[in-house]
Structure formats: C-alpha cells, structure tokens
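generate coordinates for the sequence data below:
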Amino acid sequence: MKQYIAGFLDADGSVSLSPKGQISVEFYNCDIDLLKMIQKLYPGFIKTRESTNKKHNVSHTLIIKNSLALRLLEDVSPFMIHKKKKQRANLLVKYYKQYTPRNGKYTPELLEKKNWLIKEVKGIVMRGEGAY
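Now for the predicted structure:
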C-alpha cells in the first residue's frame, strides 16, 4: 500500500511547507473513494470543488497536515520517484522534528534552522523556470 500511495503522490499530489512551517501533503482526484481509502490510513480532510464547466467532473482534494503528513512522508518517501517531490519529502523527514519544538518555543538558533528548512523546501521549484 505504501508503494501505491507513493506513486499516487508522485503523480497527483503535492508536498509543501507553509511560511509558518506547517507540512501539507495533498492528493487530487475525481474519484472520492480513492481519496477516502488513503484517508483511512492517514486522516485528513477532503475538499470538494464543483466545476463551472458541465463537461468537467467534480474534483476532490485530500489534505493531510502536520504530524500526520510527516508520518505519511516517513512511510512513503523511500518509494517515491518524482525527483522534486522526493527531495522535499526527504528534507522534511530528516529535519522537521529536530527543527520544530513540540512546545512551539524557538530559540534564536532553532528559529534560524527552521527558517533554513522552509527556504530549502520552497527552493525546490515544482513549476516554471528551473523546475526540471
């Protein structure tokens, strides 16, 4: 199952880190049952978006955040193939816990490390110039 989820993330997902340092893993698909299957293993919430074009299907996004997203990345990153997404996942798996205090209180040194991590993850460009 981990290999399947890794492939799905490679193809129809995203790995991101917000400016405030929150991890988000998202899966996009028109088949809500597929997303619900992943949601059973990695709880998150599903957003549904109706299309304004009647020819298009309703689309759904499964959004998994923070510690659950990190657990998902720990489980599937060894099986990921998409170079850029795998780089982001590996950075988060390696550094997120050690640079994010559980109590939310940062020392200046720890805050500098967390800002470095945010910059590194965001620096892995997924689209446009420099993406490939």
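
average model confidence for the helix or strand hosting F27?
Using DSSP states H and E, F27 sits within strand 23-29. Mean pLDDT, strand 23-29: 96.

so which elements touch that strand?
Secondary-structure packing of strand 23-29 (3 or more C-beta pairs under 8 Å, 6 or more residues apart in numbering; DSSP states H and E): helix 2-12, strand 13-17, helix 32-41, strand 59-65, helix 66-76. C-beta: built from backbone N, CA, C; applies to glycine.

would you mind giving these as CSV with mean pLDDT added?
What follows is the helices and strands packed on strand 23-29, written out as CSV (pLDDT from 0 to 100):
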stretch, mean pLDDT
helix 2-12, 95
strand 13-17, 95
helix 32-41, 96
strand 59-65, 96
helix 66-76, 97
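
looking at these, which is closest to Y99?
Counting by C-beta to C-beta, Y99 lies closest to strand 13-17 out of these; the figure is 10.8 Å.

got a list of contacts for that closest one?
9, 23-28, 73, 85, 88-89, 92, 117-118, 121-122, 126 (C-beta atoms under 8 Å, 6 or more residues apart in numbering).

and the closest residue to Y42 other than its chain neighbours, how far from G104?
Leaving aside its sequence neighbours, Y42 sits nearest to L72 (C-beta to C-beta, 6 or more residues apart in numbering; 4.6 Å). Applying C-beta to C-beta, to the nearest Å, the value for L72 to G104 is 22 Å.
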